[in-house]
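Peer 1: with the sequence up front, the predicted model follows.
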Amino acid sequence: MALEERRTTKGKPSLTSNSGVPSHAVKPSTPEAVSAALTEILREDMNVDVQRVTPESRLIDDVGLDSVAFAVGMVAIEDKLGVALSEEDLLSCDTVGELEAAILAKVPAAQANS
């Protein structure tokens with residue numbers, strides 16, 4: 001994978017692949033890997049009590065995500081999984097399971113760029 005150095009708005013270098021995906025991103029290969037990574041993102045990046053989260057949990061009503069949490073989640077998903085979800089992708093997801101499915105739908109495109 002070819003890497004290029006890009007300057008962020010704060011002047012610090014950022015290593016990314018030519019596709020724009022962070023070079024440290026882990027590309028999930030199975031639904032189980034995506035589920036585990038999403039659970040970690042919910043717990044670590046979004047401070048969600050994952051003990052009460054199921055695939056049927058509604059992102060807003062049950063999990064308690066707001067617009068800031070969605071933005072944090074978009075960045076964390078791209079940074080950790082190498083999957084860039086659009087705002088439209090996120091807004092179409094009502095449940096954790098739908099979010100997992102949206103990530104999985106983007107995985108083949110992410111893997112093709114490596």
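Peer 2: Cool, got the structure.
Peer 1: can we go C-alpha only for contacts and neighbour counts from here?
Peer 2: Noted.
Peer 1: Ile60 should be in a strand, yeah?
Peer 2: No - in this structure, Ile60 is coil, not part of a strand, as judged by DSSP: H, G, I helix; E, B strand; the rest coil.
Peer 1: kindly provide the distance from the closest residue to it other than its chain neighbours to Lys106.
Peer 2: Of all residues not flanking Ile60 in the chain, Asp66 sits nearest, at 6.5 Å (C-alpha to C-alpha, 6 or more residues apart in numbering). Here Asp66 is placed at a distance of 23 Å from Lys106 (C-alpha to C-alpha, to the nearest Å).
Peer 1: show me what whichever helix in the chain runs longest is in contact with.
Peer 2: In the chain, assigned by DSSP state H, the helix with the most residues is helix 96-112. Contact with helix 96-112 is made by 27-29, 31, 34-35, 38, 53-59, 82-85, 89-90, 93, as judged by C-alpha atoms under 8 Å, 6 or more residues apart in numbering.
Peer 1: in helices only, show me those.
Peer 2: Under the assignment DSSP H, the contacts of helix 96-112 contribute Pro31, Val34, Ser35, Leu38, Asp89, Leu90 to helices.
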